[in-house]
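**Q** For reference, the sequence and a predicted model appear below.
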Amino acid sequence: MTAVSASSPNVSGQTAAERFGVIERPKLEWNPEIERETAHLYERVKDHIPEIEWPVYAPYVAAINRLKKERGAAILAHNYQTPDIFHCVADIVGDSLQLAKEATQVDAQVIIQCGVHFMAETSKLLNPEKTVLIPDMKAGCSLSESITGADVRLLREKYPGVPVVTYVNTSAEVKAETDICCTSSNAVQVVESFGVDTVLCIPDEYLAQNVAKQTDVKILTWKGHCEVHERFTAEELLAYKEADPSIQIIAHPECPTEVVDVADYTGSTSGMINYVRDQRPPKVLLVTECSMASNIQSSVPEVEFVKPCNLCPHMKRITLPKILDSLCFMTEEIHIDPDLAEPARRAVERMVNLKQ
């Protein structure tokens, strides 16, 4: 059994396990019933999980899908989750903005956030009355850890009156110090929404630099980077192009500007997915976390994916066994200091409610 630490109590003094009760971890075995129950799900991932390995995955998939109904839970999964999670147990999938919006529409009383910690905090901010769990509390983010609330306060002192736009890849503490949040898919729109000539766009330096190339607003930056996207280089991408000029390079705006400059298209994870589905290029190279190519490949089987595979170690902390434990034992529960929650929620809601 996976070791899981106990949840902290909420304002009622009870942990999620005390409020909902603990369910004994089901016996996990491969048998004809499980095979029949999961056959349609295996069709979605057969290109990524060898048939000989499916008997290991299937009992977890079946148990999770049964338990989430029993718990009245919804599983939200980011595009960077592995195919077994993305295709077989998730109820809602998407990028940071999609998940932030969908979290407000979820009927379930329990949300299991299959992503990283700041995403679970965002779900909790938007659903304060619901129980939000993350299967591994250590699933962090290099961007989120690059800046603190105290840093934002110092920036406000240095640049008085300058609006602060904070990437959603930040802690609730940082969001509480900001005017509005943004994601990679709406950053330009958010920056321009103030109607001023200078804006702080933090903490992702590369996202801010790439936004600056698309607007007349002066962008002040912070030296935060995504450890997945910062490792890509223009040289390696040009080498792919030289080897095969037919390759379409599709980059995430968290990449360095020189990488974005050689890309055929740049966009958020949802934008990248839509581009591939709409354009159907014969061969693409997705310059982002490599699980995403696996997750969209089944919907565009005619597209060949070249994978310069950079994995996010934080996203990969989320696994089927940990999701199952989360449902059984109601761990790990997300709690946000009420003094931070209200201003942080305002910043996220301003982003979600911004007119498209």
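**A** Thanks, I have it.
**Q** Could you list the low-pLDDT ranges of this protein?
**A** 1-12, 355-356 (pLDDT under 70).
**Q** mind giving me the domain ranges of it?
**A** 16-141+315-337, 144-226, 230-306 (automatic domain parsing).
**Q** Any chance of these in a markdown table with mean neighbour count and distance to N353 as columns?
**A** The C-beta positions use only the backbone N, C-alpha and C, and glycine is treated the same way. Formatted as a markdown table, these follow (neighbours: other CB atoms under 10 Å; distance: least, CB to CB, whole Å):
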| stretch | mean neighbour count | distance to N353 |
| --- | --- | --- |
| domain 16-141+315-337 | 19 | 10 |
| domain 144-226 | 20 | 10 |
| domain 230-306 | 18 | 18 |
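**Q** nearest to M351, of these?
**A** domain 144-226 (4.3 Å; CB to CB).
**Q** Now the closest residue in space to I180 that isn't next to it in sequence: which helix or strand?
**A** In space, and not counting its chain neighbours, I180 is closest to R350: 4.3 Å by CB to CB, 6 or more residues apart in numbering. Per DSSP states H and E, R350 falls inside helix 338-353.
**Q** so what's the residue nearest to I180 up against?
**A** 179-181 (CB atoms under 8 Å, 6 or more residues apart in numbering).
**Q** Okay, the residue nearest to S171 when sequence neighbours are not counted and E121: tell me how far apart.
**A** Counting by CB to CB, 6+ apart, S144 is the residue found nearest to S171 once chain neighbours are left out, at 5.5 Å. Distance from S144 to E121, counting by CB to CB, to the nearest Å: 9 Å.
**Q** who touches both of these two?
**A** S171.
**Q** Out of the domains of the chain, which is closest to P343?
**A** Per CB to CB, nearest to P343 of those: domain 144-226, 4.2 Å.
**Q** what's the first-to-last distance across the closest one?
**A** 9 Å (CA to CA, to the nearest Å).
**Q** How far does it sit from its chain's centre?
**A** 19 Å (CA atoms, centre = their mean, to the nearest Å).
**Q** Next, the contact list for A103, please.
**A** A103 sits next to 76, 111, 122-123, 126-127 when contact means CB under 8 Å, 6+ apart.
**Q** Mind doing that once more with 7 Å?
**A** Neighbouring residues of A103 by CB atoms under 7 Å, 6 or more residues apart in numbering: 76, 111, 123, 126-127.
**Q** Work out for me the element the nearest residue to it once chain neighbours are set aside sits within.
**A** In space, and not counting its chain neighbours, A103 is closest to S123: 4.4 Å by CB to CB, 6+ apart. Taking DSSP H and E as the criterion, S123 maps to helix 117-126.
**Q** would you list every one of the strands in the protein?
**A** 73-78, 92-94, 110-114, 131-133, 164-167, 180-182, 198-202, 218-220, 248-251, 265-266, 283-287, 304-306 (DSSP state E).
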